[in-house]
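> Give me coordinates for this.
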Amino acid sequence: MAAAIARWWVLAPVVFVGAAAAVLGQAPAYLVDPLALPQAAEVVESMHRAGQIACVVHSDEQVLSAYTSDFEVVSSPDQLDRCDAVVVVSWGVDLPLRDEAARRFPSLTTLPAYYPAVVLRREG
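You can find the predicted model right below:
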């Protein structure tokens, strides 16, 4: 142990350089939002201001409600008829309902993030 303590001054710069390299190498991942929640909230609010109805698939409202509440929640395919667009911010939602929304709303806009969100709209 005494030998390790005596050599600490040699190893300290190596440890410091390694830690700095790790921070610089991983910093870009920490600067990107993991989910596109602010962007999705802006889409939802702009649709609300335009008199349109933005919908989210059940369970996405739990994460998006921290940013906005100007949306309708859909939990069944028949509720999609009242939506002008469907915003999907996470991919852990009801998969059959998400797939049905993608079928009915074929125009897709991607909101960039580490896990991108999408806005599904009707064509035309």
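> tell me the contacts of the residue nearest the centre of the chain?
By Cα atoms, centre = their mean, the chain has its centre lying nearest to residue 35, at 1.8 Å. Counting by Cβ atoms under 8 Å, 6 or more residues apart in numbering, residue 35 touches 63, 89-90, 113-115, 117. (Glycine included, C-beta is placed from N, CA and C.)
> Make a ChimeraX selection of the buried ones in these.
Only the buried entries of these go into this ChimeraX selection, using 16 or more other Cβ atoms under 10 Å:
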select :89,90,113,117
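> related to what we said a few turns ago, quick check: beta-bridge partners of the residue nearest to the centre of the chain?
For residue 35, the beta-bridge partners under DSSP bridges are residue 115.
> and stretch 61-78, C-alpha only, in CSV?
Taking Å, rounded to 0.1, in the frame of the first residue of the first chain, the C-alpha atoms of stretch 61-78 are listed here in CSV:
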residue,chain,number,x,y,z
GLU,A,61,-50.2,11.7,-21.9
GLN,A,62,-48.3,10.9,-18.7
VAL,A,63,-45.0,12.2,-20.1
LEU,A,64,-46.4,15.0,-22.4
SER,A,65,-48.6,16.5,-19.7
ALA,A,66,-45.5,17.9,-18.0
TYR,A,67,-45.2,20.2,-21.0
THR,A,68,-48.8,20.8,-22.2
SER,A,69,-52.4,19.6,-21.6
ASP,A,70,-53.9,20.9,-24.9
PHE,A,71,-54.5,17.4,-26.3
GLU,A,72,-57.0,14.6,-26.3
VAL,A,73,-56.2,11.1,-25.2
VAL,A,74,-57.2,8.2,-27.4
SER,A,75,-57.4,4.7,-26.0
SER,A,76,-59.4,3.0,-28.8
PRO,A,77,-59.4,3.2,-32.6
ASP,A,78,-62.9,4.8,-32.8
